[in-house]
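**Student:** Have a look at this prediction, sequence included:
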Amino acid sequence: MKLRRYAGCVLAAALILALAAASAAAGATPTPTSPPAAVAQAVAQPAAASTAAAADAPAAPGDACLAASAAALDAMTRSDFAAAVAHFNPQTRAHVDAAKLEQVWAQLAASVGSYQRHGAVQRRSLRGQPVAVATLQFANAKLDLVSACDAQDRITTFRLMPASMVELLASGKPAAPVTEHVEAGGVRVQAMAVASPAGPLRGALVLPAGSGPFPAVVLLAGSGPNDYDETIGPNTPLRDLAAGLARHGITSLRYDKRTRDYPQHWAGADGATVDAEVTDDALTAVRALAGVAQVDPHRIFVLGHSLGAMMAPRIGQRDPGLAGLVLMAAPARSLLDVLVQQSREQGARQGLPDAAVKRNVKAIEDEQRLLADAAPGTVPEGDFMGSPQSYWAGLHRYDQAAVAKALSMPMLFLQGGADFQVSPTLDFARWKQVLKGKSNVSFHLYPGLSHLFMPAGTSGTIADYQQRGHVAPQVIADIAAWITAQKPASRGKRR
């Protein structure tokens, strides 16, 4: 999760911003199909709702609902969590009690900085669903609290969301389509949707000048409901990569994540899993790219950033016909291990009390023990940090370093030396150790570059991502040179 959609590649924030919210406005508790950083169903209603559904839509929140939402918000911001949840209905309170609300509030502070102030609660309509919305200002971000009530004016939905996402939902408009155009140097941009079980995903095909056939790369964003540019504050790292690679004669395809275009029903046949979020659509994009006339089907690569890079070895495992993998800021440890580190370091940088940091770390460690103790083939009940246990269980069973070690395809690992999210010492160094001796694996460390592969800021927090920048030209040049140097893969291996 991006503030404006900070979700981009921010491993912790994408999960922390999904405050373990409540039930849908109808009063139903969240189901295992709720996505990471999900929007409550009452908010994420499809824009193309039927006329009948619109006719049955609930009325706008009354004064009593606005008062309950304001009282809960005021109580939460003064750390009176028992008073806050007293305004929830019983089902919601069973899902988010005072202790859990306190936990996620502390985690939020570690991610986006200290709370500063909030505005008045106002009536809004988000994709046809009437809700109450208030804007909260934190040190490093602006978030909107979205709430709704039942017939007794008890709160059923209580979620913090990036303000930009609320504005998108309030507009009722789909994301702007990709328009075909030609950029400097004859680079061509075309719309190319990627099919998914939930529906088509908005995508952009970028072709170099000339007729090809070109080597090509599928670009994968990090965690959270990212758009096809991986927009993070004023920055668009995937757009930078696509444009830069095209100037080096390399085609690319990038697309919105399923969790962005279909937040209500993105889960796959196995439920809400990281494969449904990342892997499955990446494999579909690879197959689609192989069918483009200007693309050499023997030279297709996958480039992942952050969570996308973490899942790249699994994508390579499932499509051995790939010519290679590029992993940018790839965690080598489990995501929960990364979250423990981030909670400690970001908590300290944000000035959180030691007790709050310890509570955050303990919650993550408790989740690690829960997953470790689960019987093989089973998934614990409930959710964690707003994501269903099916999501965490799938990640728990995935050892990206072991999968990468078993691959025979070439791999390129890139790491920013000033990355405070994926560690140059705990992650990048582990990749080098695990893959030592593999002659077709290369590593590049870039001193002074951030998690976004842009010049690092000074705060060491996600506030740095509000500074406009671009992916460093040397990074793009190194990727292009490596891709160009790789031998074609055997097309017959592709499934």
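**Tutor:** Alright, I've got the coordinates.

**Student:** Which stretches in the stretch 1-150 of the chain count as strands?
**Tutor:** All strands of the stretch 1-150 of the chain, identified by DSSP state E, counting those that start in this stretch, fall at 115-118, 122-126, 129-138, 142-149.

**Student:** Can you tell me which of these is packed in deepest?
**Tutor:** strand 142-149 (a mean of 25; mean count of other C-beta atoms under 10 Å). Where C-beta positions appear, they are placed from N, C-alpha and C, glycine not excepted.

**Student:** List the pairing partners of it within its sheet, with orientation.
**Tutor:** strand 129-138 (antiparallel), strand 155-162 (antiparallel) (DSSP bridges).

**Student:** how about stretch 232-242: buried residues?
**Tutor:** For stretch 232-242, a neighbour-count test (16 or more other C-beta atoms under 10 Å) marks 232, 233, 235, 236, 237, 238, 239, 240, 241, 242 as buried.

**Student:** Most widely separated two among these?
**Tutor:** 233 and 242 (18.6 Å; C-beta to C-beta).

**Student:** Who is residue 160 paired with across the strands?
**Tutor:** For residue 160, the beta-bridge partners under DSSP bridges are residue 145.

**Student:** who does residue 446 bridge with?
**Tutor:** residue 416.

**Student:** quick one: it from residue 417, how far?
**Tutor:** Note on residue 446: its distance to residue 417, by C-beta to C-beta, to the nearest Å, is 6 Å.

**Student:** Which residue of those two possesses the greater neighbour count?
**Tutor:** Between residue 446 and residue 417, counted using other C-beta atoms under 10 Å, residue 446 has the larger neighbour count: 20 against 13.

**Student:** Could you pull out the helices in the stretch 351-495 of the chain for me?
**Tutor:** 354-373, 389-396, 400-406, 429-434, 473-485 (DSSP state H, counting those that start in this stretch).

**Student:** Need the contact partners of the last one.
**Tutor:** Read it as helix 473-485. Here helix 473-485 makes contact (C-beta atoms under 8 Å, 6 or more residues apart in numbering) with 215, 217, 240-241, 244-245, 248-250, 299, 301, 303, 323-324, 326, 412, 414, 442, 444, 446, 449, 453.

**Student:** rerun at 7 Å
**Tutor:** If you take C-beta atoms under 7 Å, 6 or more residues apart in numbering as the criterion, helix 473-485 is touched by 215, 217, 241, 244-245, 248, 250, 301, 326, 412, 414, 442, 444, 446, 453.

**Student:** Residue 158: which of these is nearest?
**Tutor:** The nearest member of these to residue 158, counting by C-beta to C-beta, is residue 453 at 36.2 Å.

**Student:** what comes up buried for stretch 201-212?
**Tutor:** 201, 202, 203, 204, 205, 206, 207, 208.

**Student:** hang on, the earlier thing: of all the helices of the stretch 351-495 of the chain, which gets the most neighbours per residue?
**Tutor:** helix 389-396 (a mean of 22).

**Student:** and the angle from it to helix 354-373?
**Tutor:** 80 degrees (axes from the mean of the first three to the mean of the last three C-alpha atoms, to 10 degrees).

**Student:** Which neighbouring elements make contact with helix 389-396?
**Tutor:** Under the contact criterion of 3 or more C-beta pairs under 7 Å, 6 or more residues apart in numbering; DSSP states H and E, helix 389-396 touches helix 274, helix 354-373.

**Student:** which of those helices has the lowest average pLDDT?
**Tutor:** When the helices and strands packed on helix 389-396 are compared by mean pLDDT, helix 354-373 comes last with a mean of 91.

**Student:** does residue 226 sit in a helix, a strand or a coil?
**Tutor:** coil (DSSP: H, G, I helix; E, B strand; the rest coil).

**Student:** Count the residues that sit near it.
**Tutor:** Residues near residue 226, counting by other C-beta under 10 Å: 31.

**Student:** quick one: pLDDT of it?
**Tutor:** 91.

**Student:** What of residue 40?
**Tutor:** 28.

**Student:** what does the one 5 residues further on give?
**Tutor:** Looking at residue 45, its pLDDT stands at 25.

**Student:** how much space between the closest residue in space to residue 120 that isn't next to it in sequence and residue 223?
**Tutor:** What sits nearest to residue 120 in space, not counting adjacent residues and going by C-beta to C-beta, 6 or more residues apart in numbering, is residue 134, at 6.6 Å. Noted for residue 134: a distance of 26 Å to residue 223, by C-beta to C-beta.

**Student:** Check residue 75 too.
**Tutor:** Residue 75 is 30 Å from residue 223, by C-beta to C-beta.

**Student:** swap in residue 148?
**Tutor:** Distance, residue 148 to residue 223, by C-beta to C-beta: 26 Å.

**Student:** just residue 477 next, same as before
**Tutor:** 27 Å.

**Student:** Buried ones in stretch 163-180, by neighbour count?
**Tutor:** 163, 164, 165, 166, 168, 169, 170, 178.

**Student:** ok so, going back, which pair in the contacts of helix 473-485 has the greatest spatial separation?
**Tutor:** Farthest pair in those (C-beta to C-beta) is 215 and 446. Separation: 22.7 Å.

**Student:** where does residue 275 land on pLDDT?
**Tutor:** 95.

**Student:** quick one: contacts for it?
**Tutor:** 268, 394.

**Student:** what do you get if the cut-off is 10 Å, keeping everything else the same?
**Tutor:** Going by C-beta atoms under 10 Å, 6 or more residues apart in numbering, residue 275 touches 268, 269, 281, 282, 283, 311, 314, 315, 318, 391, 394, 398.
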